[in-house]
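J.: let me see the structure of the following:
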Amino acid sequence: MRSPLRASAPALIAGVDQADRLATGVWKVVCVAAIGSFMAQLDATVVNVSLAPLAHDLHVTLSAIQWVTSGYLLALALMLPLNGWLVDRIGAKALYLWCFSAFTLTSALCGLAWSANSLIVFRILQGMSGGLLAPMAQMMIARAAGRQMAQVVSVAALPVLLAPLLGPVIAGAILQFASWRWLFLINLPVGVLALVLAAAFLPNDREETRPRSLDLLGLALLSPGLVLFLYGSDHLGEGIGVAALAASIALFALFYRTAGAKGDAALIDLRLLKGKVFSASIMAMFMTNGIAFAGQMLIPIYLVRACGLSPSETGLLLAPLGLGMMCTYPFMGHLTKRFGVRKLAACGALLALAGTLPFVFLAQHGLIVAVLVASLFIRGVGVSAIGIPSISSGYASVARQDLPMATTAMNIVQRLGGPTMTTLCATFLGWRLSATAGLGSTAGAFMAAFGLLCALHAVLFLATLRLPWRVPERSAL
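T.: Alright, predicted model coming up:
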């Protein structure tokens, strides 16, 4: 006679296998979602190399046409807090279709712009729709992937990583053979294709909606706060930048106070932050994103100013950083499953620190290309090993119905990390350069700046130690 325990063993094993198996149709959702995320990221970078031709053709200054890029990025931040409320209101599929339709339409308007002012206005409108595409893609992938988020994101993240690399290449090719208008008109066929695929493959989630009233006060505090913070961080050397940064901090403080009192009626339910795993995950993401952006600011400045390299030489030498990330991202799902969240993220943080420490040596002794290339590659590998485990554990720690609000919180925290750490390191470097101006050498200033970056890496390592050992179970998946 078989014991009940032994008889139930195959069922238990089958249950585990079922939990670890990807649901049918997941990769269809991933492909559709990745198109939206890729297009939003691509359009954020494709115009950067086109500012000079745009300024010439539209008869304006570079400082004026710069708002084609700045307006787009600020509009992205402006719409981000609405993501969770809109998903709860009309559903992820309907919102995605509306956003991509608006993104495609405004791309056409950008291509038909007749002046610099009209182009800037249309780019702001494009950014408002594009600002929801990336978090929407992330949330839909989280819903579809369940506990296999790490495995799926390790593949889905590749198009997003490629977008900043392909943006300048695509823009350069278009500008060489066609008008700048095709920078935007090229989105039309891609947008139509994405809409057809989204209508066909995205699951209908109308039954999961839970309409709630919009927290207008929270929106009036958080959206302007994000815009002012990003603008102030980018213009910290000017009086208006300092004023914008101070105003944003005041708005964030007011939002924190009002949202805490409203609970789940707030634009973002801050009670999510009380979850140990979720708070650890977004802290790790904040530090990772911040350190990545700070390094991308400090290293090129060092190569140009202290080493005397040209911008083109600097861009070529920075390639190993992206190469290190791209070489490891496809394996992050398998590694997370095998080694767990905390162990992989902590090892990644230590590896990123090991890839940053040599810059202190280089700042003191001069550029050694072999050391620079190896350090950048190692740093890229380390940084890439933190993000996916952190995101996976964060999503798995919240109930399915809270995914829209969790997505909004995660994306806001990630977006704040970059300018926060970049501003901190840039301000510190500026102070050290001023203090050593009479010495005729910038070595000491860059040594101190890279030392600060290493200290931030150490803080990131401590943050990864708060992550769970494994991706948490969630019955609502």
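J.: what about residue 28, how many neighbours?
T.: One way to gauge burial is a neighbour count; for residue 28, by other Cβ atoms under 10 Å, it gives 15. Backbone N, C-alpha and C define where each C-beta goes, glycine included.
J.: and residue 253, by the same measure?
T.: Here the neighbour count serves as a burial measure; for residue 253 (other Cβ under 10 Å) it reads 12.
J.: tell me how far stretch 151-171 lies from the chain's centre.
T.: Its chain's average C-alpha position is 12 Å from that of stretch 151-171, according to Cα atoms, centre = their mean, to the nearest Å.
J.: just stretch 174-185 next, same as before
T.: With Cα atoms, centre = their mean as the basis, the mean position of stretch 174-185 lies at 27 Å from the chain mean.
J.: start at 14, not 1
T.: Got it, the first residue is 14 from now on, which makes the last one we talked about stretch 187-198.
J.: span of it from start to end?
T.: End-to-end span of stretch 187-198 (Cα to Cα, to the nearest Å): 11 Å.
J.: in that stretch, what's buried?
T.: Within stretch 187-198, the residues that qualify as buried are 187-188, 193-198, counting by 16 or more other Cβ atoms under 10 Å.
J.: same question, stretch 38-49
T.: By neighbour count on 16+ other Cβ under 10 Å, the buried set for stretch 38-49 is 39, 42-43, 45-49.
J.: please apply the same query to stretch 129-139.
T.: Using 16+ other Cβ under 10 Å as the burial criterion, the residues of stretch 129-139 that qualify are 129, 132-139.
J.: before we move on, what about stretch 120-131?
T.: Taking 16+ other Cβ under 10 Å as the basis for neighbour counts, the residues of stretch 120-131 that come out buried are 120-124, 126, 129.
J.: what ranges do the strands span in the stretch 14-163 of the chain?
T.: Under the criterion DSSP state E, counting those that start in this stretch, strands are not mapped anywhere in the stretch 14-163 of the chain.
J.: can you list the low-confidence ranges for it?
T.: 14-37, 61-62, 159-160 (pLDDT under 70).
J.: report how many residues lie close to residue 65.
T.: For residue 65, using other Cβ under 10 Å, the count is 11.
J.: hmm, residue 75 and it touching each other?
T.: Yes - taking Cβ atoms under 8 Å as the definition, residue 65 is a contact partner of residue 75 at 6.9 Å.
J.: quick one: contacts for the residue lying closest to residue 72 once chain neighbours are set aside?
T.: Distances taken as Cβ to Cβ, 6 or more residues apart in numbering put residue 129 closest to residue 72, at 7.7 Å, once the chain neighbours are dropped. Applying Cβ atoms under 8 Å, 6 or more residues apart in numbering, we find residue 129 in contact with 67-68, 71-73, 77-78, 81.
J.: what about the helix or strand containing residue 435, average pLDDT?
T.: Taking DSSP states H and E as the definition, residue 435 sits inside helix 416-448. Helix 416-448 shows an average pLDDT of 86 in the prediction.
J.: would you map the helices across the stretch 14-163 of the chain?
T.: If you assign secondary structure with DSSP state H, counting those that start in this stretch, the helices in the stretch 14-163 of the chain sit at 17-33, 39-58, 64-71, 75-78, 80-92, 96-103, 105-124, 129-158, 162-190.
J.: for residue 348, which of the ones you listed is the nearest?
T.: helix 162-190 (8.3 Å; Cβ to Cβ).
J.: mind listing what's buried along that closest one?
T.: 162-174, 176, 179-180, 183-184, 187-188.
J.: next, the angle from it to helix 64-71.
T.: An angle of 50 degrees separates the directions of helix 162-190 and helix 64-71 when computed by axes from the mean of the first three to the mean of the last three Cα atoms, to 10 degrees.
J.: off-centre distance for helix 162-190?
T.: For helix 162-190, the gap between its own C-alpha mean and the chain's C-alpha mean amounts to 13 Å (Cα atoms, centre = their mean).
J.: what helices or strands is it leaning on?
T.: Packed against helix 162-190, as judged by 3 or more Cβ pairs under 8 Å, 6 or more residues apart in numbering; DSSP states H and E, are the following elements: helix 39-58, helix 129-158, helix 195-198, helix 332-341, helix 345-352, helix 382-409.
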